[in-house]
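Undergrad: pasting the sequence and the predicted coordinates here, then a few questions.
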Amino acid sequence: MNHDHGMEGMAPPPQLTNGISGMHHHKKMMMHMTFFWGKNAEILFSGWPGMRTGMYAVALVFIFVLAFLVEWLSHSRLIKPGSSNVSAGLLQTFMHAMRVGLAYLVMLGVMSFNGGVFLVAVAGHALGFLLFGSRIFKKNTETEMSSYEKNSDLPPMSC
């Protein structure tokens with residue numbers, strides 16, 4: 001039985017030798033589906049950070065800063081009392097879009113399944129919450145506010 005499906009005259013594809021096909025030299029990285037440790041990972045962008053330790057460190061700092069900024073935006077008060085509803089609404093919408101976008105970038109970084117990326121994402125969220133969301137650095141008058149008063153311009157994150 002012929003299984004060529006009308007491709008009798010076509011040449012077979014070139015044979016792969018050590019991952020090289022013809023003149024193209026593509027280095028393929030395997031996508032991990034379980035957590036792994038090491039600097040050889042792809043985080044957010046194809047080929048980034050590559051195989052260099054310095055670039056991996058930059059990628060970890062980048063994910064940490066993104067997570068930290070998510071917490072800062074979640075607990076910041078940038079809208080001045082008495083500002084118009086239109087300007088306050090536009091600023092609030094922009095802040096919400098930034099927070100969601102940054103949170104998705106952190107999520108995509110963690111989806112690289114690299115243990116270091118996971119740890120710095122958690123550390124960035126934790127330090128951001130410690131500095132901006134916890135009671136440690138708040139004045140006594142801020143902690144004694146009634147429960148219905150807002151502590152930030154944005155509502156809590158929800159998944």
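TA: Sure thing, it's come through. Numbering: from 1, shown residues only.

Undergrad: which helices and strands does the longest helix seen in the chain pack with?
TA: What stands out as the longest helix in the chain, according to DSSP state H, is helix 85-110. Applying 3 or more Cβ pairs under 8 Å, 6 or more residues apart in numbering; DSSP states H and E, we find helix 85-110 packed against helix 53-75, helix 115-132. To be clear about C-beta, it is placed using only N, CA and C from the backbone, and glycine gets the same treatment.

Undergrad: which outside residues touch stretch 61-70?
TA: 43, 99, 102-103, 105-106, 109-110, 117, 120-125, 127-128, 157 (Cβ atoms under 8 Å, 6 or more residues apart in numbering).

Undergrad: can I get the buried part of those as one ChimeraX selection?
TA: Restricted to buried positions by 16 or more other Cβ atoms under 10 Å, the ChimeraX selection for those reads:
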select :43,99,102,103,105,106,109,110,117,120,121,124,125,128
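
Undergrad: can you lay out the helices and strands packed on helix 85-110 as CSV showing distance to residue 89 and mean pLDDT?
TA: Below are those laid out as CSV (distance: least, Cβ to Cβ, whole Å; pLDDT from 0 to 100):
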stretch, distance to residue 89, mean pLDDT
helix 53-75, 16, 96
helix 115-132, 23, 96
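
Undergrad: looking at those, which is buried most?
TA: helix 53-75 (a mean of 19; mean count of other Cβ atoms under 10 Å).

Undergrad: pull it out as PDB, backbone CA atoms only.
TA: Extracted in PDB, the C-alpha atoms of helix 53-75 (Å, rounded to 0.1, in the frame of the first residue of the first chain):
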ATOM      1  CA  THR A  53      25.400  33.700  33.900                       C
ATOM      2  CA  GLY A  54      25.400  37.500  33.800                       C
ATOM      3  CA  MET A  55      22.300  37.700  31.500                       C
ATOM      4  CA  TYR A  56      20.600  35.100  33.700                       C
ATOM      5  CA  ALA A  57      21.200  37.400  36.700                       C
ATOM      6  CA  VAL A  58      19.800  40.400  34.700                       C
ATOM      7  CA  ALA A  59      16.700  38.300  34.000                       C
ATOM      8  CA  LEU A  60      16.200  37.400  37.700                       C
ATOM      9  CA  VAL A  61      16.600  41.100  38.600                       C
ATOM     10  CA  PHE A  62      14.000  42.000  35.900                       C
ATOM     11  CA  ILE A  63      11.400  39.500  37.200                       C
ATOM     12  CA  PHE A  64      12.100  40.700  40.800                       C
ATOM     13  CA  VAL A  65      11.500  44.300  39.800                       C
ATOM     14  CA  LEU A  66       8.300  43.400  37.900                       C
ATOM     15  CA  ALA A  67       6.900  41.600  40.900                       C
ATOM     16  CA  PHE A  68       7.900  44.500  43.200                       C
ATOM     17  CA  LEU A  69       6.200  47.000  40.900                       C
ATOM     18  CA  VAL A  70       3.000  44.900  40.900                       C
ATOM     19  CA  GLU A  71       2.800  45.300  44.700                       C
ATOM     20  CA  TRP A  72       3.700  49.000  44.600                       C
ATOM     21  CA  LEU A  73       0.800  49.600  42.100                       C
ATOM     22  CA  SER A  74      -1.500  47.500  44.200                       C
ATOM     23  CA  HIS A  75      -0.900  49.600  47.300                       C
END
